[in-house]
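Undergrad: what's the 3D shape of this:
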Amino acid sequence: FKQKTAYEISLGLVGSEMCIRDSATGVVGKPLLQKIIDKGHNVFALSRSKKNDRWFSDLGVTKIEGDLFTESIYDDISDCDIEAIFHIAGVNKMCSKNPQGMFKANIEGTKEMLQLGNRLKIKKFIYTSSAVTLGEELGTIGNELSSHRGYFLSKYEESKYLAEQEAFDYDKDFEFVSVNPSSVQGPGRVSGTAKLLISTLNKKYPPLIKNNISIVDIDNCTDGHYQALVNGEANQRYVLNSFQTTSEELLSKLKSLSEWSGRPMYLPKSVLKIIAPLGDLYKLVSSSSPLICSESARVLTHGHIYDGSKAGDKLNLSYINLEMFMKKTINWLIDESYVKLKKI
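TA: Here you go, the predicted structure:
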């Protein structure tokens, strides 16, 4: 993979109620696509959207119209010299009324891409899984050797766990590497859990819970994916995690680095568990999803402690520290007018 090679980046079409976790124009996909181009590779990107056609064109990316289940994909690229697939498409939806679409995209969509890899006779397949598939017990450290606790905190965790199992068990004619990022944060991320940081920075008395937090910086996540192509060993998992901290340590560092002087109100975890059934009821009678339900309460109160040292050692990945991460992330949020503070 040192020479100029062709790669296919897979994007998935998902139901209108779902959100694409990572795509070639998403939080992880966009910088990864840029990195692959910068390394001198040819890229074929599978995408259903037309809004990024100009960006693809400027990068010299060949767009393949479609989604994970488009039957004509193979015919469109069968005469191209595709040597590797980055499958980064996925769906992450909490408190969903109809999680079936998420299961289809994450499990069946992955099998479609694995089948495509066999048909194209590729050499390597880089699969974006998730650290949630580790299923570590509460308060323990999750790594590649963790035994799953035996139950799922969320439908998303279940879908990714089953998808990863299917991927490893699939009869493949190529090298397969699983990349398992923790919570991806940093410049460019404003959705999902990033909203909590933005909300906290904009409040004097933000409501929070005390918990363990594991984060992978967006640039570390990008490098980890690319290094998985170059250095990843077949049939191995690599957890990507820049650092682990607690909510109290995170805010203490925030105060030491910035002018933020908020005083968080820590809510007992039991409060979320009491509120959660109301969200479940709301989900039954409403067409939209609630902010809190039983599965989101389980995720929030569980927290995560992940160990990303294997990727650091085996993939030659250097992680950013908490202080540098906070500086660049907060300064980006300020530059983009999400937060009104002085730059650090």
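
Undergrad: all strands for this protein, in order.
TA: 6-10, 42-47, 62-65, 82-87, 124-128, 141-142, 175-181, 183-185, 207-208, 212-217, 236-240, 243-246, 265-266, 305-306 (DSSP state E).

Undergrad: list the contacts of the fifth one.
TA: Right, the one you point to is strand 124-128. Outside strand 124-128, the residues that touch it by CB atoms under 8 Å, 6 or more residues apart in numbering are 1, 22, 28, 83-88, 90, 110, 113-114, 117, 164, 167, 172, 174-179, 181, 225, 228-229, 232. Using the backbone N, CA and C atoms, a C-beta is placed for each residue, glycine as well.

Undergrad: what's the PyMOL syntax to select whichever of the residues you listed are buried?
TA: Selection command for PyMOL covering only the buried members of the contacts of strand 124-128, criterion 16 or more other CB atoms under 10 Å:
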select buried, resi 22+28+83+84+85+86+87+88+90+110+113+114+117+164+167+172+174+175+176+177+178+179+181+225+228+229+232
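
Undergrad: pick out the shakiest of the strands of the chain, pLDDT-wise.
TA: Least confidently modelled of the strands of the chain is strand 6-10, at a mean of 41 by mean pLDDT.

Undergrad: surely residue 66 and residue 72 touch.
TA: Yes - counting by CB atoms under 8 Å, residue 66 does reach residue 72; the two are 6.7 Å apart.

Undergrad: which one's more surrounded, those two?
TA: residue 66 (18 against 10; other CB atoms under 10 Å).

Undergrad: separation between the more buried one and residue 145?
TA: To residue 145, residue 66 is 38 Å away according to CB to CB, to the nearest Å.

Undergrad: residue 179 now?
TA: 16 Å.

Undergrad: kindly state the pLDDT recorded for residue 219?
TA: Residue 219 is given a pLDDT of 96.

Undergrad: show the contacting residues for it.
TA: Residue 219 neighbours (CB under 8 Å, 6+ apart): 31, 186, 320.

Undergrad: how near is the first one to residue 299?
TA: Meaning residue 31. Taken as CB to CB, the span from residue 31 to residue 299 is 26 Å.

Undergrad: and if you look at the last one?
TA: Distance, residue 320 to residue 299, using CB to CB: 25 Å.

Undergrad: which of the two has more residues huddled nearby?
TA: Legend: neighbour count by other CB under 10 Å for residue 320 and residue 299, higher for residue 320 (20 against 17).

Undergrad: go ahead and confirm that one touches residue 220.
TA: Yes - counting by CB under 8 Å, residue 320 does reach residue 220; the two are 6.0 Å apart.

Undergrad: pull up the overlap in contacts between the two.
TA: Joint contacts of residue 320 and residue 220 (CB under 8 Å, 6+ apart) are residue 242.

Undergrad: all helices for the stretch 101-250 of the chain, in order.
TA: Remark: helices assigned in the stretch 101-250 of the chain by DSSP state H, counting those that start in this stretch are 109-120, 155-169, 194-201, 218-231, 247-257.

Undergrad: residues of the last one that come out buried?
TA: Yep, that's helix 247-257 we're talking about. 247, 250-251, 254.

Undergrad: out of those, flag the one nearest to residue 49.
TA: Within the set of those, residue 250 lies nearest residue 49; the separation is 34.6 Å, counting by CB to CB.

Undergrad: distance check, the spatially closest residue to that closest one that is not a sequence neighbour against residue 244.
TA: In this structure, residue 250 finds its nearest non-sequential neighbour in residue 213, 6.3 Å apart by CB to CB, 6 or more residues apart in numbering. Using CB to CB, we find residue 213 at a distance of 7 Å from residue 244.

Undergrad: what of residue 234?
TA: On the measure of CB to CB, residue 234 and residue 244 end up 28 Å apart.

Undergrad: same deal with residue 262?
TA: 23 Å.

Undergrad: burial measure for the nearest residue to residue 140 once chain neighbours are set aside, as a count.
TA: Nearest residue to residue 140, sequence neighbours excluded (CB to CB, 6+ apart): residue 305, at 7.0 Å. Neighbourhood size, residue 305 [other CB under 10 Å]: 19.

Undergrad: mind listing what residue 305 touches?
TA: Residue 305 sits next to 136, 139-142, 212, 214, 244 when contact means CB under 8 Å, 6+ apart.

Undergrad: how close does the residue of the chain most remote from its centre get to residue 327?
TA: Note on the chain: the largest C-alpha distance from the chain mean falls to residue 79, namely 31.3 Å (CA atoms, centre = their mean). Look at residue 79 and residue 327: by CB to CB, they are 48 Å apart.

Undergrad: same check, this time on residue 254
TA: Where residue 327 is concerned, residue 254 sits at a distance of 10 Å (CB to CB).

Undergrad: now the common contact residues for these two.
TA: Residues touching both residue 254 and residue 327 (CB under 8 Å, 6+ apart): none.

Undergrad: which residues sit in contact with the nearest residue to residue 179 once chain neighbours are set aside?
TA: What sits nearest to residue 179 in space, not counting adjacent residues and going by CB to CB, 6+ apart, is residue 228, at 5.1 Å. Contacts of residue 228 were listed using CB under 8 Å, 6+ apart, and they are 126, 177, 179, 238, 315.
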